[in-house]
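K.L.:
Below are the sequence and a predicted model; questions follow.
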Amino acid sequence: MYEHNYELDTIEIRFKRKSDGREIAADILLKNSQLNSLLFIECKDGGLDLDQANRYNTLTDSDILTSQITNLVGDIKHEIAYIGSKQKKDKLITDIKFSSLKFPILINEESKITLEYNKFVCPTLEEIFSNEVSIKNYSLNYYPFGVNDSDEYILSIITPTLMKFMGMQKEFSPEDILNETHSIFNYIGTLTINELKRKIGILLSNLSKKELNKFFEMPTTKTNFKLKSKGSIGLRKEIEKYIASQLEIKTRPRRQKSLFDF
């Protein structure tokens, strides 16, 4: 994409159309300044969300201009594409076909991406995906976690950053943690960033009051956190213990209901 002048604009972009107030929420937005064109990509591991698809289908270039979601100006063109997994591709393709939608469907299969259904309007995109695209060398570190990930998973990712702030004896905020852990922090949509800050803030606040209380000091502001200077090994062990306990609870078989429950 980069070799064809596409670059990342926003991850998890969300905005409301001024025409009707309906929300557009795409996983990835790419832009091509030379073509003055945008590509919205929706990632699916299953079937189609028809209401969402209809919102995409009625999105106009005028909606994009009035929403001011990009620095492209003038005669902007845009296109929507879906990307799904090999395991669920039949469901996604069937839903698109049944709904008579023209969105191109890309399929992620191990180390390649292929165009499986429909075509791109943009000749450049059609050229790019006319042959399978190799994705052998990629890293999950660019986007280590999102708002839909569990607290224990997020905690496992941010633990090294907590250790770093403990050693520096520095107060830190949820935004500081995101800056340290998300290498493409500045590309994440504002609403998503705010949700991530809130999620991390609530997680750390709860831990500082309960399970990890002995490792936290009183910060100077309500939105900040501070860890005590000693006990990094103990903190790591307690975090690992907490994560293990949460995973054990989630995988524990539910008690079968008895007649007394009714």
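P.N.:
Great, that's in hand. Residues are numbered from 1 along each chain as shown.

K.L.:
Walk me through the domains of the chain.
P.N.:
Per automatic domain parsing, the structural domains of the chain span 2-138, 142-251.

K.L.:
Can I get these in JSON lines including mean neighbour count and mean pLDDT?
P.N.:
(Each C-beta comes from the backbone N, C-alpha and C, glycine too.) Below are these laid out as JSON lines (neighbours: other Cβ atoms under 10 Å; pLDDT from 0 to 100):
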{"stretch": "domain 2-138", "mean neighbour count": "16", "mean pLDDT": "91"}
{"stretch": "domain 142-251", "mean neighbour count": "15", "mean pLDDT": "91"}
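
K.L.:
centroid residue for this structure?
P.N.:
Gly146 (4.6 Å; Cα atoms, centre = their mean).

K.L.:
can you confirm Ile80 is in a helix?
P.N.:
No. Counting by DSSP: H, G, I helix; E, B strand; the rest coil, Ile80 is not part of a helix but strand.

K.L.:
just checking, what packs against whatever helix or strand Asn206 lives in?
P.N.:
Asn206 belongs to helix 190-209 when elements are defined using DSSP states H and E. With contacts taken as 3 or more Cβ pairs under 8 Å, 6 or more residues apart in numbering; DSSP states H and E, helix 190-209 sits against strand 6-16, helix 151-168, helix 174-181.

K.L.:
For these, give me CSV that also has distance to Lys222.
P.N.:
Formatted as CSV, those follow (distance: least, Cβ to Cβ, whole Å):
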stretch, distance to Lys222
strand 6-16, 27
helix 151-168, 17
helix 174-181, 12
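
K.L.:
so which of those gets nearest Ile243?
P.N.:
Set against Ile243 and scored by Cβ to Cβ, those come closest in helix 151-168, at 4.5 Å.

K.L.:
Packing partners of that closest one?
P.N.:
helix 174-181, helix 190-209, strand 226-227, helix 232-251.

K.L.:
outside of the first one, which residues touch it?
P.N.:
Outside of helix 174-181, the residues that reach it under the criterion Cβ atoms under 8 Å, 6 or more residues apart in numbering are 144-145, 157-158, 161-162, 164-165, 185, 193, 196-198, 200-201, 204, 223.

K.L.:
cutoff 6 Å now
P.N.:
Contacts with helix 174-181, where a contact means Cβ atoms under 6 Å, 6 or more residues apart in numbering, come from Pro144, Ile158, Thr161, Phe185, Leu196, Lys197, Ile200, Gly201.

K.L.:
try the shortest one
P.N.:
With Cβ under 6 Å, 6+ apart as the test, strand 226-227 has contacts from Met166, Glu171, Phe215, Glu217, Pro219.

K.L.:
any chance you could map the helices in the stretch 1-150 of the chain?
P.N.:
Taking DSSP state H, counting those that start in this stretch as the criterion, the stretch 1-150 of the chain carries its helices at 50-57, 61-67, 89-98, 123-129.

K.L.:
nearest to Ser208, of those?
P.N.:
helix 50-57 (37.4 Å).

K.L.:
List every C-alpha atom in the closest one, with coordinates, as CSV.
P.N.:
Provided in CSV are the C-alpha atoms of helix 50-57 (Å, rounded to 0.1, in the frame of the first residue of the first chain):
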residue,chain,number,x,y,z
LEU,A,50,-26.2,-5.4,8.0
ASP,A,51,-27.0,-2.1,9.8
GLN,A,52,-23.4,-1.1,9.8
ALA,A,53,-23.0,-2.2,6.1
ASN,A,54,-26.0,0.0,5.1
ARG,A,55,-24.4,2.9,6.9
TYR,A,56,-21.2,2.3,4.9
ASN,A,57,-23.2,1.9,1.7
